[in-house]
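**Student:** sequence isn't available, so here's the structure alone:
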DNA sequence: AACACGGGGCA
DNA sequence: TGCCCAGTGTT
């Protein structure tokens, strides 16, 4: 291993001391176990603590151990994840739990390379679990760490490119403390979250400012550098709502798209907006309903659903249909009460709540 | 190496 | 609006 310079040891010492005095009181820090660390890391991927916290509690309550999770139904897990986004995290973690039961005798692997083989555990999460739960000396690099390294060391390469990530990782591996790598990793992340923030970093209260490249050169606003990509797809969803008194017709989404394995309504998607007349003249939806006799009762206003990479224009067409039995078998005819228990995307949840759609009529 | 994958919060 | 958030899997 490379010999460390004195100032890198200073980095770890100062930041760990700062951490002990400033760390937040988080539920998985009270009595950490590998499972709690794993769950927290997965929930917090691309997600702020404030947003993930209630989900963490629900999960620990419902699935207190890897074994409990491994025995769960995917729909149940997705329902618990509903509203948090990036649902592949939930599906992958369930698969990972099964993997651990089947091939690791129910014990979460205790080292970086074995952890990496678990579904849903990538470089960051493997490093986080290995260091925090098992005291392995491996740097966990997330968005916070990238920012702290880029500013402190003055790394100008874009942190979302392969060379940039390599540079960040190299520095993170140099400054990590082998004494208490878990505390060190959490300390860097906590500093990034509370002090070395993306906007308005609080350099006056930073324990590292005196040696920080960006602070000394007044470059905190331009570091880290990032290549931004502007890919926002616009999609037009025309949902068909069969408004029966007792039943609601749902469609289970398939893979290779958003909301895999979750439920929404039968839908015609277009790349461009259509008037209702154009839609009505278009044969697609008749085909979808197997030429069942359908009449449109009411059309909702446009509902915009804004995602990171997509802008979804959703319209909800309430329809009447002569006989529910005419519907193709790919549709799920669910009792309204049962539908409540199914995992649905936020867009659908919002619409259902705003219209009291699942209220049973008498 | 680039892209897909949710949803929310902040300036 | 644009950017960011304790990233991973697929193409």
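**Tutor:** Yep, it's here. These numbers were taken from a predicted model, which means no experiment stands behind them. Numbering: from 1, shown residues only, chains lettered A, B, ... in the order given.
**Student:** for the rest of this, base every contact and every neighbour count on C-alpha atoms.
**Tutor:** OK.
**Student:** ok, which stretches of the stretch 151-300 of chain A are helices?
**Tutor:** Ranges of helices in the stretch 151-300 of chain A, per DSSP state H, counting those that start in this stretch, are A:162-175, A:181-194, A:213-216, A:276-281, A:284-288.
**Student:** go through those and name the closest to DNA strand C.
**Tutor:** Among the helices of the stretch 151-300 of chain A, helix A:181-194 comes nearest to DNA strand C, with 4.8 Å by C-alpha to the nearest atom of the strand.
**Student:** where does the stretch 1-150 of chain A dip in pLDDT?
**Tutor:** For the stretch 1-150 of chain A, the stretches with pLDDT under 70 are A:1-6.
**Student:** give me whichever of the helices of the stretch 151-300 of chain A is most buried.
**Tutor:** helix A:181-194 (a mean of 23; mean count of other C-alpha atoms under 10 Å).
**Student:** how far out from the middle of the chain is it?
**Tutor:** 20 Å (C-alpha atoms, centre = their mean, to the nearest Å).
**Student:** same check, this time on stretch A:189-201
**Tutor:** With C-alpha atoms, centre = their mean, you get 20 Å for stretch A:189-201.
**Student:** just to revisit the earlier point, what's the least confident stretch among the helices of the stretch 151-300 of chain A?
**Tutor:** Looking at the helices of the stretch 151-300 of chain A, the lowest mean pLDDT belongs to helix A:284-288 (a mean of 82).
**Student:** contacts for that helix next, please.
**Tutor:** Where contact means C-alpha atoms under 8 Å, 6 or more residues apart in numbering, the residues beyond helix A:284-288 that reach it are A:268, A:292, A:328.
**Student:** quick check: of those, which lies closest to DNA strand B?
**Tutor:** Nearest member of those to DNA strand B, counting by C-alpha to the nearest atom of the strand, is residue A:268, at 16.0 Å.
**Student:** tell me, how many residues neighbour the spatially closest residue to residue A:321 that is not a sequence neighbour?
**Tutor:** The spatially closest residue to residue A:321, leaving aside those adjacent along the chain, is residue A:294, at 4.8 Å (C-alpha to C-alpha, 6 or more residues apart in numbering). The number of residues packed near residue A:294 is 15, by other C-alpha atoms under 10 Å.
**Student:** pretty sure residue A:294 contacts residue A:324?
**Tutor:** No: using C-alpha atoms under 8 Å, residue A:294 is not in contact with residue A:324; the gap is 10.6 Å.
**Student:** any figure for the gap between the spatially closest residue to residue A:231 that is not a sequence neighbour and residue A:82?
**Tutor:** Distances taken as C-alpha to C-alpha, 6+ apart put residue A:309 closest to residue A:231, at 6.1 Å, once the chain neighbours are dropped. Taking C-alpha to C-alpha, to the nearest Å as the measure, residue A:309 falls 19 Å from residue A:82.
**Student:** OK, contacts around the residue nearest to residue A:321?
**Tutor:** Residue A:294 neighbours (C-alpha under 8 Å, 6+ apart): A:319, A:320, A:321, A:322.
**Student:** how about the second one, phi and psi?
**Tutor:** Read that as residue A:320. When read as degrees, to the nearest 10, the backbone of residue A:320 gives phi -110, psi 140.
**Student:** got a pLDDT number for it?
**Tutor:** pLDDT recorded at residue A:320 is 89.
**Student:** now do the contacts for the residue nearest to it when sequence neighbours are not counted.
**Tutor:** In this structure, residue A:320 finds its nearest non-sequential neighbour in residue A:295, 5.3 Å apart by C-alpha to C-alpha, 6+ apart. The contact partners of residue A:295, taken as C-alpha under 8 Å, 6+ apart, are A:319, A:320, A:321.
**Student:** for DNA strand C, see how far away residue A:295 is.
**Tutor:** According to C-alpha to the nearest atom of the strand, to the nearest Å, residue A:295 and DNA strand C sit 35 Å apart.
**Student:** what does residue A:324 give?
**Tutor:** Using C-alpha to the nearest atom of the strand, one gets 35 Å for the distance from residue A:324 to DNA strand C.
**Student:** one more: residue A:345?
**Tutor:** Taking C-alpha to the nearest atom of the strand, one finds residue A:345 at 17 Å from DNA strand C.
**Student:** would you agree that residue is in contact with residue A:261?
**Tutor:** No: with contact defined as C-alpha under 8 Å, residue A:345 does not reach residue A:261; the gap is 10.3 Å.
**Student:** quick one: distance of stretch A:53-70 to the chain centre.
**Tutor:** In terms of C-alpha atoms, centre = their mean, the centre of stretch A:53-70 is found 16 Å from the chain centre.
**Student:** which non-adjacent residue is nearest residue A:330?
**Tutor:** residue A:251 (7.1 Å).
**Student:** that neighbour - how many residues pack around it?
**Tutor:** 17.
**Student:** so it touches residue A:329, yeah?
**Tutor:** No: Residue A:251 is not in contact with residue A:329 according to C-alpha under 8 Å; the separation is 10.1 Å.
**Student:** measure stretch A:142-160 end to end?
**Tutor:** First-to-last distance for stretch A:142-160 - C-alpha to C-alpha - comes to 11 Å.
**Student:** give me every residue in the stretch 101-250 of chain A lying close to DNA strand C.
**Tutor:** Contact residues, the stretch 101-250 of chain A versus DNA strand C (C-alpha under 7 Å from any atom of the strand): A:118-126, A:142-144, A:147, A:186, A:189-190, A:192-193, A:198, A:226, A:228.
**Student:** which of those residues count as buried?
**Tutor:** Listed as buried from these are A:118-121, A:123-126, A:142, A:144, A:147, A:186, A:189-190, A:192-193, A:198; burial here means 16 or more other C-alpha atoms under 10 Å.
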